[in-house]
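Trainee: test case, fold it:
(2 chains)
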Amino acid sequence: QKEVEQNSGPLSVPEGAIASLNCTYSDRGSQSFFWYRQYSGKSPELIMSIYSNGDKEDGRFTAQLNKASQYVSLLIRDSQPSDSATYLCAVNSGYGGSQGNLIFGKGTKLSVKP
Amino acid sequence: GAVVSQHPSWVICKSGTSVKIECRSLDFQATTMFWYRQFPKQSLMLMATSNEGSKATYEQGVEKDKFLINHASLTLSTLTVTSAHPEDSSFYICSAPVPPGEGYGYTFGSGTRLTVV
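Mentor: From the prediction side, this is the model:
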């Protein structure tokens, strides 16, 4: 059973701070990883995808992947109240470039205080 | 970009009735559609995978006779909740892989909030 684990939070940070979200996954063969943001009652929206070890930066967001430790993280710099949402870590269940279904973690609820 | 349109956004139905949820790929052909369910304060859980022209594959514990999936064309996949009960009340979301020419990832429908009373 492939699993994705996240700290459910809530994680509370002051406006302007760095929010750090963490995720671990059980299948060592997993190859593609995604971070989604979900507002209450809405569908998930993609924040970042990452496939290679190391860091990937996009604006205020940085995803980090460590396949040896089976660990994925998301850093949000200069956090804004509008970043308050649930962040879902997801792993592609497929191998070798095939797009299987996504396996989601339970999500971490982030609250950014003005 | 690849867009999946999901309808209805919300529906309230009486216990024992059936509800159909539609997901249409607007600008691409979706050979595969994933159907997820999300209960309050929980994450998305895969219910079934539909492939155009073939039978859907259901996850363990999901009743295939209760959750009917039809993927008869490359642009339309439907989920029908038959004989709905209050415990079926949930947020249902469809998702399709983005076509290779548009990168690598997934596009999601906007979700359907089902309330069974």
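Trainee: going forward, measure contacts and count neighbours with C-alpha atoms only.
Mentor: Fine.
Trainee: can you list the residues of chain A near chain B?
Mentor: Residues of chain A found near chain B, taking Cα under 8 Å from any Cα of the partner chain as the criterion, are A:41-45, A:49, A:88, A:99, A:101-107.
Trainee: below-threshold pLDDT in chain A: ranges please.
Mentor: Along chain A, segments meeting pLDDT under 70 are nowhere present.
Trainee: just the helices from it, written as ranges.
Mentor: Using DSSP state H, the helices of chain A do not appear at all; there are none.
Trainee: which residue does it bring closest to chain B?
Mentor: Using Cα to the nearest Cα, the single residue of chain A nearest to chain B is A:Lys106, 4.6 Å away.
Trainee: tell me the confidence at the closest residue to that residue other than its chain neighbours?
Mentor: Distances taken as Cα to Cα, 6 or more residues apart in numbering or on different chains put B:Ser43 closest to A:Lys106, at 4.6 Å, once the chain neighbours are dropped. Residue-level confidence at B:Ser43 comes out at 91, pLDDT.
Trainee: mind listing what B:Ser43 touches?
Mentor: When contacts are counted by Cα atoms under 8 Å, 6 or more residues apart in numbering or on different chains, B:Ser43 is found next to A:Leu88, A:Phe104, A:Gly105, A:Lys106, A:Gly107.
Trainee: which residue sits closest to residue 12, ignoring its sequence neighbours?
Mentor: Since no chain was named, I'll use chain A. The shortest distance from A:Ser12 to any residue other than its chain neighbours is 4.7 Å, reached at A:Ser111 (Cα to Cα, 6+ apart).
Trainee: the intended chain is chain B.
Mentor: B:Thr115 (4.7 Å).
Trainee: for that neighbour, give its distance to chain A.
Mentor: Between B:Thr115 and chain A the computed distance is 13 Å (Cα to the nearest Cα, to the nearest Å).
Trainee: ok, A:Pro44 touching A:Trp35?
Mentor: No - under the contact definition of Cα atoms under 8 Å, A:Pro44 does not touch A:Trp35, with a separation of 9.3 Å.
Trainee: now name the helix or strand holding the closest residue to B:Ser89 other than its chain neighbours.
Mentor: For B:Ser89, the nearest residue in space outside its immediate sequence neighbours is B:Thr115; the separation is 4.6 Å by Cα to Cα, 6+ apart. Using DSSP states H and E, B:Thr115 sits in strand B:112-116.
Trainee: and for that strand, what's in contact with it?
Mentor: So strand B:112-116 is contacted by A:41, B:6-15, B:21, B:84-93 (Cα under 8 Å, 6+ apart).
Trainee: please, where are all the strands along the chain?
Mentor: Since no chain was named, I'll use chain A. A:4-6, A:11-14, A:19-25, A:33-38, A:45-50, A:54-58, A:61-66, A:71-76, A:85-92, A:102-104, A:108-113 (DSSP state E).
Trainee: chain B is the one I meant
Mentor: Across chain B, reading from the start of the chain, the strands by DSSP E fall at B:4-7, B:10-13, B:19-25, B:32-38, B:45-51, B:57-58, B:67-73, B:76-81, B:90-97, B:106-108, B:112-116.
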